[in-house]
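[1] Sharing a model that was predicted from the sequence below.
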Amino acid sequence: MRPILQINDVSRTFKLGGMFFGKKIAAVDQVAIELPGDKPQIMSIVGESGSGKTTLAKLILRLLDPSSGTIVLDGVPLSAYNKRDKRKEFLKKVQPIFQNPFTSFSARKTVDTYLFETAMNLDVAANKKEALAVVTDVLKSVGLEYAHIKGKYPNQFSGGELQRISIARALIPKPSLIVADEPVAMIDASLRMNIVNLFKKLKDEYNVNFIYITHDLSTAYYVSDYIATMYKGNLIEFGHARNILNNPSHPYTELLLDSIPRVGKKWAEDALLADFESKQESEAGCKFAGRCPYAKDVCHSVEPYMVHLDTEHKVLCLKHNDYKTGNLAFVHKNSNHSDKKDNSHSISG
Ligand SMILES: Nc1ncnc2c1ncn2[C@@H]1O[C@H](COP(=O)(O)OP(=O)(O)O)[C@@H](O)[C@H]1O
Ligand SMILES: [Mg+2]
């Protein structure tokens, strides 16, 4: 069974500042992810603000082009959709859900207009009557009645209702992938789980994959089949959600997991890892070294490479890299870490 999504060493750089003295930043830096296609999946992309999640989402949605690397959806490279007449074909396969439902809909248009237009424009319905059947159906799938939304404007709905309508709209072409960038960030905390639970239900009902981008860890770990953690543009850990939960293998993921228990927890608020003073960042070495509680000298000078811990679990951290010095075991507070047993070489003791 071929993968539903292959992200092949994708990078996207932005130029900051002036023409000549500007700096380049890699918003997405050599990211490689493969999402299996045997059954529909929910992959969460987690990471703090600025880690490159939205840029990666935009690359998958073809709203941005990669600086290097390729993205292949269901066996078809995204570049195949570049021709004008292929744009509709792409929208039938991949649909977005954005963070702010109030800006996804124009204030001057009734929301049902959007649904009817999508059904007609993407050739799902040939006439108004067919469109009505489709619209009624997708609304029911997200727990709404057509009669309830008919003729109403966006400001007559709550954020949660509007986001449900966004999801209903995304379902209309029966896409293979829905990319949702922080879809519950602006929703009342008490309603977030309801929306995210919808993804789980719709995944099987519509046979659709979800990429769920969030910094709300509690929802991510609950809903995901796969979890990708990003840090400063790098994919630093990827794997089956269960493996990530039971065996977080990057120090950053480990710290994030430590911060989960409270519902609705957010990075920005609580998980800034205040215990670990952020050291001045150097150009060389691991990007996380300055904040890593396990960092050794080598972490500030040697760049880690991605290691597969098993077929579906990979991590970008020097403690899993095989390098010559040999006397660099990392001591973990988590006793289930395999390398803790081998502390005979530990520097820190
Ligand atoms: N259009 C752009 N021009 C310049 N820099 C950008 C642009 N878009 C994103 N960036 C930068 O790329 C990095 C990643 O941003 P983003 O993908 O929005 O991260 P996230 O969604 O995880 O918060 C940030 O440093 C951001 O400032
Ligand atoms: Mg973002």
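    Great, that's in hand. Every value quoted in this text rests on a predicted model; they were computed, and no experiment measured them. Ligands and ions are numbered 1, 2, ... in the order given.
[2] State the phi and psi torsions of residue 51.
    Here is the backbone geometry of residue 51 (degrees, to the nearest 10): phi -80, psi -10.
[3] Isn't it up against residue 231?
    Yes - applying CB atoms under 8 Å, one finds residue 51 in contact with residue 231, separated by 5.6 Å. From N, CA and C alone the C-beta is placed, and that goes for glycine too.
[4] so what's residue 306 up against?
    Counting by CB atoms under 8 Å, 6 or more residues apart in numbering, residue 306 makes contact with 32, 235, 314, 315, 316.
[5] After the helix or strand of the chain with the lowest mean pLDDT, heading C-terminal, what element do we hit next?
    The weakest-scoring helix or strand in the chain, judged by mean pLDDT, DSSP states H and E, is helix 267-270 (a mean of 44). Next along the chain after helix 267-270, taking DSSP states H and E as the criterion, comes strand 306-310.
[6] What's the mean pLDDT across that next one?
    Across strand 306-310, the average pLDDT comes to 93.
[7] Can you mark which positions in that strand are buried?
    306, 307 (16 or more other CB atoms under 10 Å).
[8] Looking at the next helix-or-strand element following it now, give me its mean pLDDT.
    Next along the chain after strand 306-310, taking DSSP H and E as the criterion, comes strand 313-316. Mean per-residue pLDDT for strand 313-316: 97.
[9] Neighbouring strands of strand 313-316 in the sheet, and parallel or not?
    Strand 313-316 pairs in its sheet with strand 234-240 (antiparallel), strand 306-310 (antiparallel), by DSSP bridges.
[10] Contacts made by the longest one with the rest, please.
    Translated: strand 234-240. With CB under 8 Å, 6+ apart as the criterion, strand 234-240 contacts 29-33, 52, 225-230, 244, 248-250, 252-253, 287-288, 306, 309, 312-317.
[11] Drop anything exposed from the residues you listed.
    Buried among the contacts of strand 234-240 (16+ other CB under 10 Å): 29-31, 33, 52, 225-230, 244, 248-250, 252-253, 287-288, 306, 313-317.
[12] Of the residues you listed, which ones also sit close to ligand 1?
    Among these, the ones lying close to ligand 1 by the criterion of CB under 6 Å from any ligand atom are residue 52.
[13] Ends of stretch 206-223, what's the gap?
    End-to-end span of stretch 206-223 (CA to CA, to the nearest Å): 16 Å.
[14] How far off centre is it?
    In this view, stretch 206-223 has its centroid 8 Å away from the chain centroid, taken as CA atoms, centre = their mean, to the nearest Å.
[15] quick one: average pLDDT of it?
    Regarding stretch 206-223, the rounded mean pLDDT is 90.
[16] And stretch 207-215, what's buried?
    Judged by neighbour count using 16+ other CB under 10 Å, the buried positions of stretch 207-215 are 208, 209, 210, 211, 212, 213, 214, 215.
[17] Filter these down to the ones in strands?
    Using DSSP state E, the subset of these located in strands is 209, 210, 211, 212, 213, 214.
[18] tell me which residues form a beta bridge with the fourth one?
    On the basis of DSSP bridges, residue 212 is bridged to residue 44, residue 180.
[19] so how far is residue 221 from it?
    11 Å (CB to CB, to the nearest Å).
[20] what do those two both touch?
    residue 44.
[21] Is it possible to get a markdown table of the buried residues of stretch 207-215 that adds distance to ligand 2?
    Shown next, in a markdown table, are the buried residues of stretch 207-215 (distance: CB to the ion, whole Å):
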| residue | distance to ligand 2 |
| --- | --- |
| 208 | 22 |
| 209 | 20 |
| 210 | 16 |
| 211 | 13 |
| 212 | 13 |
| 213 | 7 |
| 214 | 10 |
| 215 | 8 |
